[in-house]
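**Q** sequence and predicted structure, then a few things I'm wondering about:
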Amino acid sequence: MMLIVILAITGGVIAYLGDRIGMKIGRKRLTLFGLRPKHTSILITILTGVFIATATLVVLTFVSEDVRTALFHMKEIQEALATSEVRYQESQRQFLEQQARADELAQEIASMADELNLMMTQRDEAQAELEEARAEKERVVAEYLKAEQELEFAQSRVENLKEISAKIQDRVDELEATEANLNEKIVLLWEAYQKLDETYQKQTERMRFGNVAYRAGEIILAAVFNGGNPLAQTESDLLEFLMLVNRTALERGAKIQGKPNYALQMISQEHFDKTAEILAAGEGKYVVRAISSGNTLLGEPVVVHFEVIPDKLVFKAGEVIASEVIDVRQGPIEDQILQMLRRVNEIAIERGMITDPDGLVGQTSGQDFLETVTKVKLEKKPLRVIAKAAEDTYAAVGPLKITLLVEEP
């Protein structure tokens, strides 16, 4: 901006000076180089313009580096421009090539980005599969560990079973030995039972032939009568029954002094007739008992009376008749069980059961009795022995069959 102002001022001053010089030369009619004044004025004007241009250039040369460069280095500048143009063209070509390469790279990048996205998707899928595989691996490992534990448990159980099997075998051997011992004990118990039965029979004989022939209320003999028969036949049956009673009483040691074939004190005719009427008027079967009316000593007559019991169901099959806790500390087991059986006999008699000539009602097998004794002895602790009716039992149908059971008290 300053350069323009300087050039304007310089040009203006030079023009003014040239004009003033031209005017003075024109007024004075001066000539240069033999020229006419008019031509001289034109020449001065030309020279002035040249001087202005020269001055302008000189000023510009001194003032502006660019002007100096343009005046004195133009060819170099042109050569440089040409070189720059060539370089520019080369750069433009390289730029275009690089642009094309950049486009190719952009396409490659886009393709790679697609591939990368695909690979990322595949990686996510692979990651998911990896997680599933890990979970499956953990599950398989857990199942393996569980199977291993189960295998160890099974192996341990097999070992335990082997030990148990060995123990069972030992127990079997022990039980076989125990069985052999029990068989020996059974033989011994059977022998003891036979001795006990022999002792019992001897005691019974002693009772029969001791000081007392019959106790008051003791059954001398019992028989079954059919009701509904004619009165005369019933009286005849009763008389025959009395003869059997008499014979039984004689065997027990009762007798009438002076009459060695008679042991019965004659009962009242009224009682005899009443009994015969009841039997003749009734239906079905009856149990008729000849009972001692009082204690009778040996050698004395026994006073008897009749007891008439209609036939009825006395015990149902499986009915408990009596039970007793048997304790080895309370005495011989056989005696305790026999005492319970005597109580069963008494209960059956109270209910009207027919008795045998020995006054007994119940019946149990020797094997059942021995097995019961053996069970109680082997346990070596108090046990309850239960006497049950083996079948339905009626008063006029004997004997009462008894089943013995052993259980915890």
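**A** That came through, no problem.
**Q** which strands or helices does the longest helix belonging to the chain pack on?
**A** Using DSSP state H to define each element, the chain has its longest helix at helix 74-208. Where contact means 3 or more C-beta pairs under 8 Å, 6 or more residues apart in numbering; DSSP states H and E, helix 74-208 is packed against helix 333-350, helix 366-379. C-beta here means a position set from N, CA and C on the backbone, and glycine is covered the same way.
**Q** of all the ones you listed, which lies closest to residue 139?
**A** Closest approach to residue 139 among the helices and strands packed on helix 74-208 is made by helix 366-379 (56.3 Å; C-beta to C-beta).
**Q** okay, buried residues for that closest one please.
**A** Neighbour-count burial for helix 366-379, with 16 or more other C-beta atoms under 10 Å as criterion, is recorded at 369, 370, 372, 373, 374, 375, 376, 377.
**Q** make JSON lines out of these and add distance to residue 297.
**A** JSON lines is the format used below for those (distance: C-beta to C-beta, whole Å):
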{"residue": "369", "distance to residue 297": "34"}
{"residue": "370", "distance to residue 297": "38"}
{"residue": "372", "distance to residue 297": "38"}
{"residue": "373", "distance to residue 297": "37"}
{"residue": "374", "distance to residue 297": "42"}
{"residue": "375", "distance to residue 297": "43"}
{"residue": "376", "distance to residue 297": "40"}
{"residue": "377", "distance to residue 297": "41"}
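**Q** closest to residue 273 among these?
**A** The closest of the buried residues of helix 366-379, once distances to residue 273 are taken by C-beta to C-beta, is residue 369, at 44.8 Å.
**Q** which of the buried residues of helix 366-379 sit farthest apart?
**A** 369 and 377, at 12.7 Å, using C-beta to C-beta across the buried residues of helix 366-379.
**Q** how much space separates the residue nearest to the spatial centre of the chain from residue 258?
**A** Residue closest to the mean C-alpha point of the chain, counted by C-alpha atoms, centre = their mean, is residue 150 at 16.3 Å. Applying C-beta to C-beta, to the nearest Å, the value for residue 150 to residue 258 is 100 Å.
**Q** neighbours of residue 146, just the number please.
**A** Neighbourhood size, residue 146 [other C-beta atoms under 10 Å]: 10.
**Q** could you check the pLDDT of it?
**A** pLDDT, residue 146: 81.
**Q** same question for residue 299.
**A** At residue 299, the pLDDT value in this model is 84.
**Q** could you look up the SS state of it?
**A** Classification of residue 299 by DSSP: H, G, I helix; E, B strand; the rest coil places it in coil.
**Q** separation between residue 182 and residue 335?
**A** 22 Å.
**Q** the two - which one has more neighbours?
**A** residue 182 (15 against 12).
**Q** so where does the spatially closest residue to residue 371 that is not a sequence neighbour fall, helix or strand?
**A** Of all residues not flanking residue 371 in the chain, residue 404 sits nearest, at 7.9 Å (C-beta to C-beta, 6 or more residues apart in numbering). Assessed by DSSP states H and E, residue 404 sits inside strand 400-407.
**Q** okay, the angle between that strand and helix 366-379?
**A** Here strand 400-407 points in a direction 20 degrees away from that of helix 366-379 (axes from the mean of the first three to the mean of the last three C-alpha atoms, to 10 degrees).
**Q** adjacent strands (with direction) for strand 400-407?
**A** According to DSSP bridges, strand 400-407 forms sheet pairs with strand 362-363 (parallel), strand 383-389 (antiparallel).
**Q** so residue 309, which state does it fall into?
**A** What three-state DSSP gives for residue 309 is strand.
**Q** so residue 222 sits in a strand?
**A** Yes: secondary structure of residue 222 (three-state DSSP): part of a strand.
**Q** beta-bridge partners for residue 402, please?
**A** Under the criterion used here (DSSP bridges), residue 402 is bridged to residue 389.
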